[in-house]
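Chemist: Sequence and predicted structure, then a few things I'm wondering about:
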Amino acid sequence: QVRLVESGGGLVQTGVSLRLSCAASGLTFENYFMAWFRQAPGKDCEFVARITRGGNTYYADSVEGRFTISRDYVKNTVYLQMNTLEPEDTAVYYCVVDRFGRTVWSAVDYRGQGTQVTVSS
């Protein structure tokens with residue numbers, strides 16, 4: 001059974017940094033794309049960042065240059081380093097696993113339960 005457990009969310013002020021973690025189990029970690037999505041209040045879930053099996057990264061325009069996704073093949077963990085946070089980044093952040101690196105929420109293989117990030121102005 002695939003399990004994704006996110007951590008690291010919280011309430012922060014504008015301009016600070018947070019690092020989210022997602023520990024994966026029940027799968028062969030190196031065989032999957034890993035990604036982060038987020039859902040802001042009243043909005044659809046949107047793609048944030050993706051990392052391939054080989055470590056190549058891809059970001060949404062809204063976070064390019066501020067967020068960094070990375071993965072640890074020993075710990076089976078994916079990270080999202082979020083710098084210069086803005087109130088618009090307030091959302092529930094979800095860890096995602098997918099065989100094909102899809103960036104559509106409804107299409108991905110597995111999703112975590114989410115961690116709340118709130119950025120106050």
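Modeler: Everything's here; your move. Numbering: from 1, shown residues only.
Chemist: What mean pLDDT does stretch 69-86 get?
Modeler: When the per-residue pLDDT values of stretch 69-86 are averaged, the result is 97.
Chemist: Give me the buried positions along it.
Modeler: 69, 71, 76-80, 82, 85 (16 or more other C-beta atoms under 10 Å). Every C-beta, even on glycine, is put in place using the N, C-alpha and C of the backbone.
Chemist: Quick check: end-to-end length of stretch 70-83?
Modeler: Taking C-alpha to C-alpha, to the nearest Å as the measure, stretch 70-83 stretches 14 Å from start to finish.
Chemist: Tell me the gap between it and the middle of its chain.
Modeler: For stretch 70-83, the distance between its averaged C-alpha position and the chain's averaged C-alpha position is 9 Å (C-alpha atoms, centre = their mean, to the nearest Å).
Chemist: Over to stretch 107-121?
Modeler: 7 Å.
Chemist: ok, now stretch 17-32?
Modeler: Taking the mean of its C-alpha atoms, stretch 17-32 sits 9 Å from the chain's own mean (C-alpha atoms, centre = their mean).
Chemist: Same check on stretch 90-103?
Modeler: The offset between the C-alpha centroid of stretch 90-103 and the centroid of the whole chain comes to 6 Å, using C-alpha atoms, centre = their mean.
Chemist: Show me which positions of it end up buried.
Modeler: 90-98, 101-103.
Chemist: okay, among those residues, which ones form the most distant pair?
Modeler: Of all pairs drawn from these, the widest gap by C-beta to C-beta lies between 90 and 101 and measures 26.0 Å.
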